[in-house]
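# this is a predicted model, with the sequence first.
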Amino acid sequence: MTRVVFVHGIAQETKGEESLLGEWYPALCDGLALAGAVPIGRTEVSMAFWGHVFRPAGHRALGLPPLDAFDVEQGLEEELLLGWWEAAAAAERRVPGPEEPARLRTPRLVQRALNALSHSAFFAGLGESLMVHVARQVRRYFTEPDVRSAVQDEFAKRVTDRTEVVVAHSLGSVVAYEALCAHPGWRDLTLVTLGSPLGVRKLVFDRLVPPPAGGAARWPVPVKAWTNVADAGDAVALVKELAPAFGRRINDVPVHNGARAHDARPYLTARETGAAVARALNQSDTSR
């Protein structure tokens, strides 16, 4: 029964609601403070945790099953890795880019993408196997209905008649958007998306439910205000402005997150994010 609901992104399966809140809550308080607002109480925020949906059952092997370029499935997994590669190369000088547009999708090309991404700020330290797992999670969300439903159910459990703001990061913004579209009867609330891939054509945008029509996505009925925050160097949020495809009511706001362009914490500590959350909470307070 909280006022602010967080929605995390990919590769969080070994964490949990409380451990993520331990990172996200103080970061948001910092953002609110920079915006000149009063930090919200700890009991007023919650995390819609869905990482466990992707946590595999116990097995004898240590860690995640090892994956490499030969395990990357053709289609969405390949396209995601290649898209991230091109975006990272464009944003960071230390990331080597493809010499020419790829015509063939081969393990060798995917291997080059993985090697290049290992030099990027976002993927640094993840390792080849984990990068493939990240792409696989995104693919499973969009192609396995049971997974999609289970993830959205975890978010829906957290939204109540007291929810005023949803703050969603990365793939979590897709989860929040689709669930909000599916529940037009929910109370009015504010949506704040951070590092969102919602506007990425073919890979994400064209796979949304409900499907876009005529190049335009449906506006989620419960959303009275929407602020989209994106770093120019964020390789996941390939499309920085969502307003052209999702509606001119969206306020697209650029931020600078430093070396960790896609990390949730610098997004939350940004004054711009704090201001968006503060506006929603203050409007709600004055309407009571």
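Yep, it's here. None of the values given here were measured: they were computed from a predicted structure.

# from the centroid of this protein, which residue is nearest?
residue 170 (0.8 Å; CA atoms, centre = their mean).

# ok, and the helix or strand in the chain with the lowest average confidence?
When the helices and strands of the chain are scored by mean pLDDT, DSSP states H and E, helix 107-117 comes last with a mean of 80.

# can you name every helix or strand that that helix contacts?
If you count contacts as 3 or more CB pairs under 8 Å, 6 or more residues apart in numbering; DSSP states H and E, helix 107-117 packs onto helix 76-91, helix 128-143. C-beta: built from backbone N, CA, C; applies to glycine.

# who's in contact with the last one?
The one in question is helix 128-143. Helix 128-143 is contacted from outside by 10-11, 54, 64-69, 71-73, 75-77, 80-81, 114, 117-118, 123, 126, 147-148, 151, 171, 174-175, 204, 207, using CB atoms under 8 Å, 6 or more residues apart in numbering.

# circling back: can you add mean pLDDT and give the helices and strands packed on helix 107-117 back as TSV?
What follows is the helices and strands packed on helix 107-117, written out as TSV (pLDDT from 0 to 100):
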stretch	mean pLDDT
helix 76-91	82
helix 128-143	85
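
# would you reformat the ones you listed as CSV and include mean neighbour count and distance to residue 35?
Formatted as CSV, the helices and strands packed on helix 107-117 follow (neighbours: other CB atoms under 10 Å; distance: least, CB to CB, whole Å):
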stretch, mean neighbour count, distance to residue 35
helix 76-91, 21, 26
helix 128-143, 20, 31
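
# in TSV, list the ones you listed along with distance to residue 233.
Converted to TSV, the helices and strands packed on helix 107-117 look like this (distance: least, CB to CB, whole Å):
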stretch	distance to residue 233
helix 76-91	4
helix 128-143	18
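
# so which of those gets nearest residue 98?
Closest to residue 98 of those is helix 76-91 (CB to CB; 6.8 Å).

# helices and strands around that closest one, which ones?
In terms of contacts (3+ CB pairs under 8 Å, 6+ apart), helix 76-91 is packed against helix 107-117, helix 128-143.

# I'd guessed residue 2 sits against residue 163; true?
Yes - using CB atoms under 8 Å, residue 2 is in contact with residue 163, at 7.1 Å.

# ok, now which ones touch residue 197?
170, 171, 173, 174, 203, 204, 236, 237, 238, 239.

# ok, the first one to residue 198 distance?
If I follow you right, that is residue 170. From residue 170 over to residue 198 the distance is 10 Å, taken as CB to CB, to the nearest Å.

# check the fourth one too.
Computed as CB to CB, the residue 174 to residue 198 distance reads 6 Å.

# please say which of these two ends up with more neighbours.
Between residue 174 and residue 198, counted using other CB atoms under 10 Å, residue 174 has the larger neighbour count: 28 against 22.

# how about the nearest residue to residue 44, chain neighbours excluded?
Using CB to CB, 6 or more residues apart in numbering and skipping the chain neighbours, the partner closest in space to residue 44 is residue 3 (4.6 Å).

# OK, contacts around the one you found?
So residue 3 contacts 40, 44, 45, 162, 163, 164, 165, 281, 284 (CB under 8 Å, 6+ apart).

# count the residues that sit near the fifth one.
This means residue 163. Residues near residue 163, counting by other CB under 10 Å: 20.

# just checking, it touches residue 7?
No - the pair residue 163 / residue 7 is not scored as a contact, 11.5 Å apart, by CB under 8 Å.

# what about residue 262, which SS state?
Look at residue 262: counting by DSSP: H, G, I helix; E, B strand; the rest coil, its state is coil.

# got CSV for the contacts of residue 197, with secondary structure, pLDDT and distance to residue 141 too?
CSV is the format used below for the contacts of residue 197 (DSSP: H, G, I helix; E, B strand; the rest coil; pLDDT from 0 to 100; distance: CB to CB, whole Å):
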residue, secondary structure, pLDDT, distance to residue 141
170, coil, 94, 11
171, helix, 95, 7
173, helix, 98, 12
174, helix, 97, 7
203, coil, 86, 12
204, coil, 92, 10
236, coil, 85, 14
237, coil, 90, 17
238, coil, 85, 17
239, coil, 92, 18
